[in-house]
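Student: how does the following fold in three dimensions:
(one chain, ligands or ions: 3)
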Amino acid sequence: MGIVLRGGTIVTAVDYYKADVRIEGEKIVAIGKEIILPEDIILDVEGHLLLPGGVDVHTHFDLPVGNTVTADDFTSGTQGAIMGGTTTIIDYATQFKGQTLKEALTNWHAKAQGACYVDYGFHMAITEWNDDIAEEIGWLSQSAGVTSIKLYMAYKNLLQVDDDILFQALVKSKQCGVLVCVHCENGDMIYNLVKRYRSQGNVAPYYHPLSRPIVAEEEAVYRIIALAHAAQSSVYIVHLSSNNALQVVMNAKCRGNRVYAETCPQYLLLDESFYSKDHFESAKYVISPPLRKKENQDFLWQGLHDGMLDVVATDHCSFNFHGQKDAGLHDFSMIPNGIPGVENRLGLLYTYGVVPGKISINTFVNVTATQPAKIFGLFPRKGTIAPGSDADIVVWDVNDVSVISAQAQQQRVDYTPYEGFQQKGKALHVFLRGQQVVQNGNLCDGDPQGIYLLRKLIR
Ligand code: URP
Ligand code: ZN
Ligand code: ZN
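Tutor: Ligands and ions are numbered 1, 2, ... in the order given. Below you'll find the model as predicted:
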């Protein structure tokens, strides 16, 4: 017995066509006409789009930061994901100082196991480097299914690593078939600017973006691309926020460097006007890199359209406004950095990208599902609708209109940066490996079904 989704329009990164999809067990087994077998269950999806389940490769669930921890854990975070049409996430497992990578990974597995409503993998964020850690990269990628690591060029004295470590990690990763993801901001520049603003008594969230200027991102992007080039390695730039940084990436891509870049809905849709001088509400938007001037947004959309930006992920890293963000009421540098968004990625990109024609529906699928799956070793199991792929399918109702609000969200955080944004289209039904997990826009009853994904080596 199978399930047939009948009458929908299939969208992949390259195609748009009407056909039925037959699911058996966890897999898509047939696409076409007259594929229904006698015992099959039929779901009529006439008039709707069939999208591959979204793949969000940048989340931080259950992440300790300072003396707090992100508002969303793997349960609430993945409930938000699935309701928004994302069926796979890759979260940043993080090595804290003194930990081996094995200890860090064991810690993250304990947080996620049995808690996830979507399938999940891990990157490994490395904050301390020595010969033993370098050796563990081979184990991570060959035995533990973790084929990407992350390094931070910012957050001095916390997560930041220097050029020596960046270079060594790039060389080692290249040997092991591992992709290096990098947070690109010049942490030393930022450290000094933060010190200067604080010493002047300028402590409102308004000063957060001033302490992290575009040049801090631009310089770091240039530097990591140079280091990767010298190491003959590819590199993946996370949460790119500005046109200046994009230009650096474009130049490198045009020279033939293997550079991937990701941006996020917040940089496409929100801007620095959210940092008001007089209201602490701005703390809701304290993220790094910070929101930029609006004029950057058109360049980022164009970058997606042109294939110069490869991925849209969320960098979901949620903190409640009351009780967490307000730790920085008298000092912006104490505001935990990050915003929620895992639930809203597809809806926002569809509404503000596809509907006004900034990106095509195929580009939408490409940057939210296909490319992230390809870059991070999950394709073709994830990221497309094809026979043999996991039956992760979103039935997308193009006619639905709604308004985003904190009150209506699944994410367990007391605000949304997209409050009041209109959304067109929604995930009406969602299938995860052949099982219906969202029905008519509601989460189905039952235990979390997400499984850990061992990812392929990246060459
Ligand atoms: O502000 C942000 N982006 N917080 C999450 C951690 C990171 O830098 O990715
Ligand atoms: Zn970052
Ligand atoms: Zn992040």
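
Student: which non-adjacent residue is nearest the residue in the stretch 351-459 of the chain that ligand 1 sits nearest to?
Tutor: Closest to ligand 1 within the stretch 351-459 of the chain is Pro417: 11.7 Å, counting by CB to the nearest ligand atom. Any C-beta I mention is one placed from the backbone N, CA and C, and that applies to glycine too. The shortest distance from Pro417 to any non-neighbouring residue, by CB to CB, 6 or more residues apart in numbering, is to Ile339 (4.9 Å).

Student: would you map the strands across the stretch 251-400 of the chain?
Tutor: 259-263, 311-312, 393-403 (DSSP state E, counting those that start in this stretch).

Student: export those strands to JSON lines and append columns for mean pLDDT and distance to Val161.
Tutor: What follows is those, written out as JSON lines (pLDDT from 0 to 100; distance: least, CB to CB, whole Å):
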{"stretch": "strand 259-263", "mean pLDDT": "99", "distance to Val161": "19"}
{"stretch": "strand 311-312", "mean pLDDT": "99", "distance to Val161": "23"}
{"stretch": "strand 393-403", "mean pLDDT": "98", "distance to Val161": "37"}
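
Student: how near is Ala110 to ligand 1?
Tutor: Distance, Ala110 to ligand 1, using CB to the nearest ligand atom, to the nearest Å: 21 Å.

Student: what about that residue, neighbour count?
Tutor: Residue neighbour count, defined by other CB atoms under 10 Å, stands at 11 for Ala110.

Student: what's the following helix or strand after the helix or strand hosting it?
Tutor: Assigning secondary structure by DSSP states H and E places Ala110 in helix 101-112. Heading C-terminal from helix 101-112, the first helix or strand you meet, by DSSP H and E, is strand 119-125.

Student: do that following strand and ligand 1 meet?
Tutor: No: Strand 119-125 does not reach ligand 1 (CB under 6 Å from any ligand atom); its nearest approach is 8.7 Å.

Student: report the angle between that strand and helix 101-112.
Tutor: Angle between the axes of strand 119-125 and helix 101-112 is 150 degrees (criterion: axes from the mean of the first three to the mean of the last three CA atoms, to 10 degrees).

Student: now for strand 119-125, which elements pack on it?
Tutor: For strand 119-125, the packing partners by 3 or more CB pairs under 8 Å, 6 or more residues apart in numbering; DSSP states H and E come out as strand 86-94, helix 101-112, strand 148-152.

Student: mean confidence for the longest one?
Tutor: Meaning helix 101-112. Average pLDDT, helix 101-112: 98.

Student: need the contact partners of it.
Tutor: 61-62, 73-74, 91, 93-96, 99, 120, 122, 124, 126, 133, 136-137, 139-140, 144, 146, 450, 452 (CB atoms under 8 Å, 6 or more residues apart in numbering).

Student: restricted to buried residues, select those residues in PyMOL.
Tutor: In PyMOL, a selection of the buried entries from the contacts of helix 101-112 looks like this (16 or more other CB atoms under 10 Å):
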select buried, resi 61+62+73+74+91+93+94+95+99+120+122+124+126+133+136+137+140+144+146+450+452
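
Student: by contact count, what packs against the longest helix along the chain?
Tutor: Longest helix in the chain, counting residues (DSSP state H): helix 214-230. Where contact means 3+ CB pairs under 8 Å, 6+ apart, helix 214-230 is packed against helix 163-176, strand 179-183, helix 187-199, strand 235-237, helix 243-255.

Student: run the chain-centre distance for the fourth one.
Tutor: In terms of CA atoms, centre = their mean, to the nearest Å, the centre of strand 235-237 is set 13 Å apart from its chain centre.

Student: and it, what does it pack against?
Tutor: Secondary elements touching strand 235-237 (3+ CB pairs under 8 Å, 6+ apart): strand 179-183, helix 214-230, strand 259-263.

Student: mind listing what's buried along the second one?
Tutor: Put plainly, it is helix 214-230. So helix 214-230, judged by 16+ other CB under 10 Å, has buried residues 214, 216-225, 227-229.

Student: how far off helix 187-199 does that helix point, in degrees?
Tutor: 160 degrees.

Student: give the rounded mean pLDDT of helix 214-230.
Tutor: 98.

Student: give the contact list for Leu159.
Tutor: Leu159 neighbours (CB under 8 Å, 6+ apart): 125, 127, 152, 183.

Student: which two of the residues you listed have the greatest separation?
Tutor: The span of these, defined through CB to CB, is set by Thr127 and His183 at 11.3 Å.
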